[in-house]
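What follows is a protein structure lacking sequence information:
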């Protein structure tokens, strides 16, 4: 078990740490553990593990599409990405914080299932 597996796993908890009374070292460890764990969940190709990093009331909207809601919705979204890009690899490019806000910078790469075309997407 890696050290970050002991860190509270949700993005909501990590963001709350920025507002809380925890020590700065614990805040950094929690944020780092959350982002690393989230990245590892994608790279393990486990939709359920990806969803576990989201709060029960998470809501994701991509490109003005239909919202995926709750952990079940997040898992459905992840399963779709993993089916469309079966060799998907996610890289955490960095984490930025400002006040109570956190931004996770990422790049995913792989090949489209239908065509084999190489994909690189960053956000």
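Structure received. Just so you know, these numbers come straight off a predicted model, no measurement behind them. Numbering: from 1, shown residues only.

In this protein, which residue is most central in space?
A centroid search over the chain (CA atoms, centre = their mean) returns residue 38, at 4.3 Å, as the residue closest to the centre.

what about it, distance to residue 70?
Going from residue 38 to residue 70 by CB to CB, to the nearest Å gives 17 Å. Every C-beta, even on glycine, is put in place using the N, C-alpha and C of the backbone.

Might you list the low-confidence residue ranges for the chain?
Flagging of the chain using pLDDT under 70 yields the residue ranges 1-30, 100.

Please enumerate the helices of it.
Remark: helices assigned in the chain by DSSP state H are 11-19, 24-43, 47-51, 70-84.

Look up phi and psi at the closest residue to residue 86 other than its chain neighbours.
The shortest distance from residue 86 to any non-neighbouring residue, by CB to CB, 6 or more residues apart in numbering, is to residue 113 (5.5 Å). Phi and psi for residue 113, reported as degrees, to the nearest 10, are phi -60, psi -40.

Surely residue 113 touches residue 87?
No. Look at residue 113 against residue 87 with CB atoms under 8 Å: they stay out of range, at 9.1 Å.

Relative to residue 52, how far out is the residue nearest to residue 86?
Per CB to CB, residue 113 is found 25 Å from residue 52.

When those two are compared, which one has more neighbours?
residue 52 (16 against 13; other CB atoms under 10 Å).

pretty sure the more buried one contacts residue 72?
No. Judged on CB under 8 Å, residue 52 makes no contact with residue 72 at a distance of 11.6 Å.

what residues are up against residue 81?
Taking CB atoms under 8 Å, 6 or more residues apart in numbering, we find residue 81 in contact with residue 88.

Pull the number of nearby residues for residue 88.
A count of nearby residues for residue 88, using other CB under 10 Å, gives 19.

residues in contact with it?
The neighbours of residue 88, taking CB under 8 Å, 6+ apart as the test, are 42-43, 45, 81-82, 108-110.
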